[in-house]
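K.L.:
build me a model:
(one chain, ligands or ions: 1)
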Amino acid sequence: MSVDETTTARSTSLADVAHEPGAAKPDPILVADHVVRRFGGMTAVDVDHLEVQEGVITALIGPNGAGKTTFFNLLTGFDTPNTGEWTFQGRSLSGKSGAAVAKAGVVRTFQLTKALGRLTVLQNMLLASRDNPGENLWLSWLPFLWKKHEADSTEKAMEILARFKLDTKANDYAGSLSGGQRKLLEMARALMTDPTMIMLDEPMAGVNPALVQSLLGHVQALRDEGMTVLFVEHDMHAVRHISDWVVVMAEGRIVAEGPPSSVMKDEAVVDAYLGAHHDTDLGDDSLLDPAVLARYEAEEEER
Ligand SMILES: Nc1ncnc2c1ncn2[C@@H]1O[C@H](COP(=O)(O)OP(=O)(O)OP(=O)(O)O)[C@@H](O)[C@H]1O
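P.N.:
Sure thing, here's the model as predicted:
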């Protein structure tokens, strides 16, 4: 399928979906039910039902403390809920470890990037490899297999790094990268496991505007290659620009869902944001720098 055909298939797939919390999707890849996480007396997450459509970019937005990261942690096996179950591609993932979730094809990045500063960029990539020799008894015992595996993984790592224009930095310490480059490295590392779905926690936070464009392009490219993307983001311009669908959380619950253009005008969304931040910019394009806006529009036309 060409990129144009993929774009059409994508918008058609969501065209008939109701703009309401918990809306059913035609091809849900991830389905969560009754997911509750309490910290003491406080309920951080209380998601009754959520379906994430396969092959599209879904943004998860909401004010600070809405429960987005906690929900990500639960879905990816980094935290345990009080109640709840969820499936990925029809198979239950509830209660599974982070490693088991990754093996099932769901990989995540973190808000504060986890790149290990004292390892090189390439070493960071090799650590993220699905069949890291350290985890495989046969590979660690048989040197010739290990060497072949290492060569293959290095080749794959270098290919992915080239895609993110980080190949020239392969032997630099990850600690020497800029904030934006570390975000790119996080995304590159995630791809080492050949995921079906990628979950990005605030990929644009702390990234300079030039790199934001590049990151947005990478996220769209992953989607256009067939990957499902779920991302948490506070930058509403980025959300409007790249998401096919937006899910809004407030006080642990999902309060709205819909395409970006309509969801930003939703009363529950405006209330949720304005309740917490009177100065939150919900992505009104008229507030954008005209040059940036022109670039967004030109890109939109090319798609
Ligand atoms: N380990 C924890 N112990 C106690 N409370 C926690 C813990 N983790 C999160 N919380 C609380 O749960 C609520 C939801 O937090 P969470 O980080 O999931 O929100 P968020 O929507 O991701 O916020 P932000 O946009 O600021 O990252 C907050 O009130 C937070 O203080």
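K.L.:
which residues in this structure form strands?
P.N.:
28-39, 42-53, 57-61, 83-88, 91-92, 106-108, 197-201, 228-232, 245-250, 253-258 (DSSP state E).
K.L.:
reformat those as CSV; add mean pLDDT and mean neighbour count.
P.N.:
C-beta here means a position set from N, CA and C on the backbone, and glycine is covered the same way. Shown next, in CSV, are the strands of the chain (pLDDT from 0 to 100; neighbours: other C-beta atoms under 10 Å):
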stretch, mean pLDDT, mean neighbour count
strand 28-39, 98, 18
strand 42-53, 98, 20
strand 57-61, 96, 26
strand 83-88, 97, 18
strand 91-92, 96, 10
strand 106-108, 92, 25
strand 197-201, 94, 24
strand 228-232, 96, 25
strand 245-250, 94, 25
strand 253-258, 94, 22
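K.L.:
what pLDDT does T80 get?
P.N.:
Looking at T80, its pLDDT is 95.
K.L.:
which one of the strands of the chain lies closest to L215?
P.N.:
Nearest to L215, of all the strands of the chain, is strand 197-201, at 9.1 Å by C-beta to C-beta.
K.L.:
what residues does the stretch 51-200 of the chain have near the ligand?
P.N.:
62, 64-70 (C-beta under 6 Å from any ligand atom).
K.L.:
now restrict those residues to buried residues only.
P.N.:
Buried members of these, scored by 16 or more other C-beta atoms under 10 Å, are 62, 66-70.
K.L.:
so among the residues you listed, where is pLDDT lowest?
P.N.:
G62 (91).
K.L.:
can you pull the contacts of the closest residue in space to it that isn't next to it in sequence?
P.N.:
Using C-beta to C-beta, 6 or more residues apart in numbering and skipping residues adjacent in sequence, the residue nearest G62 is M249, 3.7 Å away. Contact partners of M249, counting by C-beta atoms under 8 Å, 6 or more residues apart in numbering, are 47, 60-62, 66-68, 71, 255.
K.L.:
the same query, at a cut-off of 7 Å, please.
P.N.:
Residues in contact with M249 (C-beta atoms under 7 Å, 6 or more residues apart in numbering) are 60, 62, 66-68, 255.
K.L.:
now swap in V212 and tell me
P.N.:
204, 238.
K.L.:
next: the one 4 residues further on.
P.N.:
Contact criterion C-beta under 7 Å, 6+ apart gives 238, 241-242 as the residues in contact with L216.
K.L.:
what of H234?
P.N.:
Contacts of H234 by C-beta under 7 Å, 6+ apart are 202, 205.
K.L.:
same thing with G226?
P.N.:
G55.
K.L.:
offset the numbering so it begins at 593, please.
P.N.:
Shifting the count to begin at 593 puts that one at G818.
K.L.:
which parts of the stretch 643-792 of the chain are helices?
P.N.:
660-667, 690-695, 713-719, 729-733, 735-755, 771-783 (DSSP state H, counting those that start in this stretch).
K.L.:
for stretch 651-661, what is the distance to the chain centroid?
P.N.:
Put simply, stretch 651-661 sits 13 Å off its chain's centre (C-alpha atoms, centre = their mean, to the nearest Å).
K.L.:
and stretch 783-803, by the same measure?
P.N.:
6 Å.
K.L.:
and it, what's buried?
P.N.:
783-785, 787-796, 799, 803.
K.L.:
which outside residues touch that stretch?
P.N.:
Outside stretch 783-803, the residues that reach it (C-beta under 7 Å, 6+ apart) are 621-622, 661, 664, 668, 694, 697-703, 717, 720-722, 748-749, 752, 771-772, 775, 779, 782, 804, 807, 811, 814, 819-827, 830.
K.L.:
L667 and F680 touch, don't they?
P.N.:
No. The criterion here is C-beta atoms under 7 Å, and L667 misses it with F680 at 8.6 Å.
K.L.:
convert the C-alpha atoms of stretch 662-669 to CSV, please.
P.N.:
Extracted in CSV, the C-alpha atoms of stretch 662-669 (Å, rounded to 0.1, in the frame of the first residue of the first chain):
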residue,chain,number,x,y,z
THR,A,662,0.6,5.8,35.6
PHE,A,663,-1.8,4.3,33.0
PHE,A,664,1.3,3.8,30.7
ASN,A,665,3.1,2.1,33.5
LEU,A,666,0.3,-0.2,34.2
LEU,A,667,-0.3,-1.2,30.5
THR,A,668,3.5,-1.9,30.0
GLY,A,669,4.0,-4.0,33.2
